[in-house]
Structures are given as C-alpha cells and as structure tokens.
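Peer 1: Build me a model from this:
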Amino acid sequence: MYYEDDDMLMLSGIQHYMYCPRQWALIHIEQQWDDNRLTAEGNLLHQNVDNPAYRQKNGGVITLRAVHIASHTLGLYGISDAIELIPSDTEENAITHPRYIGYWRPYPIEYKRGRRKPDERDEVQLAAQVICLEEMYGIHIPEAALFYNETRHREIVIIDGRLRQLTSELSEAMHKTFTSGITPKVKEQYKCGNCSLLDICAPEWTKKTSVSHYIKNFFDEETS
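Peer 2: Predicted structure coming up:
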C-alpha cells in the first residue's frame, strides 16, 4: 500500500488507536481533546526532549532531537523524540549526516512517562518510527529503545516481523476508520478511568442511554 501526502496520518496516533480506537477517533476525526494529569506529565516530559536544535555527543554517539520522519507505506508521519547516531565502520545499514563525517547507524529512542505498559502501544509507536527511517534511508534497523521517565530505565525493543506486522495492521485500520469518518461505538473497559477523554467519551452514558431515550426524557421533563 502506498499513501499520498494528503492521506498521511499522525504517527503518534497509533498508540491511541491500539489503546482504544474510539479514543483515537475522538481525537483525530472529531478533533476533541482534553488533558488530565497523565497527559500533562507526558507533555512536560516532551518539552524537555523535543528540542530540534539540541545535539548531544556522548563519546562517539551523537543524539539528534525532534527529527521529522514519514512512511508512505504506513501512511504515517511524525517527529521522533531522539535518534542516536552510532558510528559505523561500514555503509551497510548506515547513513551519512551533513554535519558529521563518516557513517552512522540510526537508533531511535522514544521517551515515555510512567513505566512499561501491559500492552504494546508504546512498542508499535516505536516500530512505526523505525519503519519510517528504514523507508527514508533504505536501511534495516533491528532494534530501538523506550525510555521510561518513572523508572529511569531504557527498554530495548526488538523490531521483529510480528511487531512490524502488528504495526502495519494498526496503521491500515487507522486509515480505514479515518476514511469512514465514523467514530467507533463505545466499549467500556478497565482502562477508561485513566483516559483523558473520559468525560467527552462518556462510556457510562453512551452505553446505558440511547439518544432517542435521552431526547424523550428531556421533553418529558420540560412538559411536566
């Protein structure tokens, strides 16, 4: 599948889609958003990470911030938190950089608040970044990393065939949902309580009360 520029979706949305397709649709189709403590903490973390002018050198490794990336096969575009450039003795699976001499192997790192999730929403976002870089530079990246702010620990993620397939399937589902323009119906889950869109989504109201029932009750109250 090849997506034109006008059909590209935000890469960061893939984690929302895996967490809850309805949440993703409320944000990316209906353009609704609200912050809670968790999203505020995440925004604060990325304020300190997403500085495109920042170049960190640690020994021979150079860290680039806020790199724009895209994949037309996934139909996703976005900004990588950090990409480490690791020196390479060969041009195989390596890139060049206009500011630095030699060959470099890109190593994406995604920064997250909290700790590792019970599902793979962080991993698919990282895998999507890897696929973007592979497509842009014609290279293969076998692994990348997630850094969790709460544990201050880097988790190595192997970008294997299963994870790549899951990422591809999720991106395809995102495009189908976006093209339909229809927000998925509510499906109340244990994780709803942590969702920043809880009040907008209103899973309890939506599940228990139909629109026709609400309208009927409204007019009954008005005329009583």
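Peer 1: any idea how far the residue positioned nearest the centre of the chain lies from residue 184?
Peer 2: Residue closest to the average C-alpha location in the chain (Cα atoms, centre = their mean): residue 12, at 2.7 Å. Here residue 12 is placed at a distance of 19 Å from residue 184 (Cβ to Cβ, to the nearest Å). Heads up, the C-betas are built off the backbone N, CA and C, glycines and all.
Peer 1: and the residue nearest to residue 2 when sequence neighbours are not counted, how far is that from residue 4?
Peer 2: Distance criterion Cβ to Cβ, 6 or more residues apart in numbering; nearest residue to residue 2, sequence neighbours excluded, is residue 72 at 5.4 Å. Noted for residue 72: a distance of 8 Å to residue 4, by Cβ to Cβ.
Peer 1: Which secondary structure state is assigned to the residue lying closest to residue 71 once chain neighbours are set aside?
Peer 2: Excluding the flanking residues, the one nearest residue 71 by Cβ to Cβ, 6+ apart is residue 132, at 4.3 Å. Using DSSP: H, G, I helix; E, B strand; the rest coil, the structure places residue 132 in helix.
Peer 1: Quickly find the element holding the nearest residue to the residue nearest to the centre of the chain once chain neighbours are set aside.
Peer 2: Once flanking residues are discounted, residue 12 sits nearest to residue 78: 5.4 Å by Cβ to Cβ, 6+ apart. Assigned by DSSP states H and E, residue 78 falls within strand 76-88.
Peer 1: now that strand, how far from the centre of its chain.
Peer 2: How far strand 76-88 lies from its chain's middle: 14 Å, per Cα atoms, centre = their mean, to the nearest Å.
Peer 1: For the remainder of this discussion, apply numbering that starts at 181.
Peer 2: Got it, the first residue is 181 from now on, which makes the last one we talked about strand 256-268.
Peer 1: Show me what that strand packs onto, helices and strands only.
Peer 2: strand 189-190, strand 241-251, strand 280-292, helix 301-317 (3 or more Cβ pairs under 8 Å, 6 or more residues apart in numbering; DSSP states H and E).
Peer 1: if you compare the ones you listed, which one is most tucked away?
Peer 2: The highest average neighbour count among those, using mean count of other Cβ atoms under 10 Å, belongs to helix 301-317 at a mean of 22.
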